[in-house]
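A.B. asks: Here is a sequence together with a model predicted from it:
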Amino acid sequence: MTRKNKIILLILIVSLCYINTLRNGFVWDDNQFIVNNEQITSLKNIPSLLVPLKTEPYRPMRLLTFSVEHAVFGLNSTIYHLDNAIIHTANAVLLFVILLLMFRDEDLAFYSALIFGIYPAWNEAIVWIKNRSMLLAGLFLLLGLYFYIKKKNPLAIIAFVLGLLSKEILIAFPFILTAYSFIFERERKKTDLIAFWVIGIAWVIFLFMRHGGQVGAYAPGEGFFFSLKIMFRFFLILLFPFRLNAERVISFPETIFDGEVIISFIMTVLVLVWLYKNKFKNKALSFFLLWMIFNIFPTANPGLVAGRPLAEHRLYILGMGFSVLIFMVLRSKKKLLYVLMPVFFITSFARNLDWKDEYTFWSQTVKVSSSSARAYSNLALAGKSRLSRDKTERYFKKAIELEPGHINAIGGLFNIFIEKGKNKEAESLLLETLKKYPGEINLYKDLINLYMSQKRKKEAQVLCRDAANLIGINLGNIEDYLPIGVQAFQLGLMDDAEKIFKKVSREKPWSGYVLNNLASVYHAKKNYLEAEKYYKQAIEKQLSNPAYYYNLGNLYYAMNEKDKAISNYERAIDFEENYADAWHNLGLVYKEKGSVMQADLCFRKVRIIEREILLSSKNKGK
């Protein structure tokens, strides 16, 4: 088979392996990063993507690709899945090209790249859209290595920087280049490596400072032993990639004599001793063992990945080296390799189906991870339209049984109690939880809503002020305060609402929604000039949002600037033809200006819209 045909076959097989992902929707964190992410809804926000936030990982390249996709295709999940599959397939081809450059061995290059393309262990990196960051990191790592081998250092440096902007795991790249240089090009000037090390060290310092001088959730000693345990579990996933699971539970080692810690430590020492004694005589084996070592330590760092320390997608770049090692082991046993290849393909292809939608995904996750509180809680949330209320309640209770402080499950159970009319039980549940976890802002939101629905305004105001005060000490995620700000506005607590929206707008300056709310606060406080400024800023962020024009029209009406009010009501109607409130207010302004016929036309349009809404609701009832 010619080299060109091998590349075509590689593209065909890898593409077929992931073609069924095109029917999948958005799942889990895809909603945070894509569906509900206001930042990617306008290409004007692209400069803001480069601004690092303490509350989120700094991976602007991922959001940049999502912004472009959203601008062209909106929320068509097929496109996002297609792009993930294309990047992964490109990475498999790049791995083939690089291995061919390094070893001039077409069998090693082709089969290693094919194994990487279809191996199930890192399937999560491709099928879960939000893991675009890992795919991009892999792409830029391979491009950087290719350019370095071809002695095109400026391009290699650019690829390295873009990789760091994709995912911080690429901090391993200078180590990989150094290993390549000493193993394959001993005569090459080592000064070529200086720029990569300088950039890498600077990036580590940047990340360290960005996290306020803290890196990780554990002390160095604790983190080291936990890393060894995680490394052992990752090794098992690599060897036996069959019961794949997004919610693997791992406990912190209670002692340094933990069996998994000891085995992992011994394995690492043995590999390092072999490398030292071998003196890089077996270049391929030495390089890819080092590849795995350099990539496993950032991958298995529990302090940086405390939320899901055993996330399978983190094996993606490490898996490039592992794929080469698999072929080297099975090279003399081609028949076994030919048997295993279809198994790898079918396992990945079948795993893709688990990510079809939220309910399917969490149903499968619960089956293989019955000790995960998050899995039960998210299954209950995803299945609310499919499951009975009693079954949903059981899942929430199971999550709380597994993890008594699981806030999402507690909030979900609260809502079930409300739906069942058990308001006292619901209130008691949240009050008891807030005593234990006073910084859980989402629980305040639910309890305030309950008090507002029961006309207990004073209690709602007290609770709302308590919640608003938490933003000053940076408790919780900043976006979780937005509903509290809206509640403060509804309760007449304008100073608290202003404090919240100002704080959030500083953290999320691209958000038209936040600016619109801040403007509404100033409008209510009759600070019209400030209100006008922020309404206009909101419109600049989202030019096609009719509500912002409507609100600005209301402001101008209050300022007795009727012509400007008319202009903005008409802009709102341009973007939403059946905007009844805008038509009504436009009619009022025309009436006050003495334009009776135009006012009458507006009011007639309102009646038509209301009639259509009524007919539509009756038809739905049938």
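C.D. replies: Right, received. Where do you want to start? Numbering: from 1, shown residues only.
A.B. asks: Now for residue 156, which secondary structure element holds it?
C.D. replies: helix 153-164 (DSSP states H and E).
A.B. asks: what sits up against the next helix or strand after that helix?
C.D. replies: Per DSSP H and E, the first helix or strand lying C-terminal to helix 153-164 is helix 173-184. Contact with helix 173-184 is made by 102, 141, 144-145, 148-149, 156, 160, 163, 188, 190, 192-193, 196-197, 199-200, 280, 283, 286-287, 290-291, 294, as judged by C-beta atoms under 8 Å, 6 or more residues apart in numbering. Using the backbone N, CA and C atoms, a C-beta is placed for each residue, glycine as well.
A.B. asks: Report the buried residues of the element among helices and strands of the chain having the smallest mean pLDDT.
C.D. replies: Least confident helix or strand of the chain, by mean pLDDT, DSSP states H and E, is helix 220-239 with a mean of 82. By 16 or more other C-beta atoms under 10 Å, the buried positions in helix 220-239 come out as 223-235, 237-238.
A.B. asks: Next, the buried residues of whatever helix or strand comes next after that helix.
C.D. replies: Counting by DSSP H and E, the next helix or strand C-terminal to helix 220-239 is helix 259-278. Buried residues in helix 259-278, defined by neighbour count with 16+ other C-beta under 10 Å: 260-261, 264-265, 268, 275.
A.B. asks: again, but for stretch 30-48
C.D. replies: 30, 33-34, 37-42, 45-46, 48.
A.B. asks: Could you verify my assumption that residue 518 touches residue 499?
C.D. replies: No - with contact defined as C-beta atoms under 8 Å, residue 518 does not count as touching residue 499 (10.3 Å).
A.B. asks: who's more crowded, these two?
C.D. replies: residue 518 (26 against 19; other C-beta atoms under 10 Å).
A.B. asks: Give me the distance between that one and residue 492.
C.D. replies: Distance, residue 518 to residue 492, by C-beta to C-beta, to the nearest Å: 16 Å.
A.B. asks: which secondary structure element contains the residue nearest to residue 376 when sequence neighbours are not counted?
C.D. replies: Closest residue to residue 376 apart from its sequence neighbours, by C-beta to C-beta, 6 or more residues apart in numbering: residue 399 at 4.0 Å. For residue 399, the host element (DSSP H and E) is helix 389-402.
A.B. asks: re the thing from before, just the buried residues of helix 220-239 now: which is nearest residue 308?
C.D. replies: The shortest approach to residue 308 among the buried residues of helix 220-239 belongs to residue 230, at 10.8 Å (C-beta to C-beta).
A.B. asks: Just list what the least confident helix or strand of the chain packs against, helices and strands only.
C.D. replies: If contacts are counted by 3 or more C-beta pairs under 8 Å, 6 or more residues apart in numbering; DSSP states H and E, helix 220-239 sits against helix 259-278, helix 283-299, helix 316-330.
A.B. asks: how about the ones you listed in TSV, adding mean pLDDT?
C.D. replies: TSV is the format used below for these (pLDDT from 0 to 100):
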stretch	mean pLDDT
helix 259-278	88
helix 283-299	89
helix 316-330	96
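A.B. asks: closest one to residue 600 among the ones you listed?
C.D. replies: Per C-beta to C-beta, nearest to residue 600 of these: helix 316-330, 64.6 Å.
A.B. asks: got a list of contacts for the closest one?
C.D. replies: Contacts of helix 316-330 (C-beta under 8 Å, 6+ apart): 91, 95, 99, 107-108, 111-113, 115-116, 119, 121-122, 125, 131, 134-135, 137-138, 141-142, 169-170, 172, 234, 238, 284-285, 288-289, 291-292, 295-296, 299, 315, 336-337, 340.
A.B. asks: go again using 7 Å as the cut-off
C.D. replies: Here helix 316-330 makes contact (C-beta atoms under 7 Å, 6 or more residues apart in numbering) with 95, 99, 108, 111-112, 115-116, 119, 121-122, 125, 134, 137-138, 141, 169, 238, 284-285, 288, 291-292, 295-296, 299, 336-337.
A.B. asks: Likewise for stretch 420-438?
C.D. replies: 405, 407, 410, 413-414, 417-418, 440, 443, 446-447, 450.
A.B. asks: now do 6 Å
C.D. replies: The contact list for stretch 420-438, computed with C-beta atoms under 6 Å, 6 or more residues apart in numbering, reads 410, 414, 417-418, 443, 447.
A.B. asks: how about a markdown table for the helices and strands packed on helix 220-239, with distance to residue 86 added?
C.D. replies: Below are those laid out as a markdown table (distance: least, C-beta to C-beta, whole Å):
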| stretch | distance to residue 86 |
| --- | --- |
| helix 259-278 | 35 |
| helix 283-299 | 23 |
| helix 316-330 | 15 |
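A.B. asks: To residue 84, which of those lies closest?
C.D. replies: helix 316-330 (11.5 Å).
A.B. asks: So for that closest one, what gets flagged as buried?
C.D. replies: Buried residues in helix 316-330 (16+ other C-beta under 10 Å): 316-328, 330.
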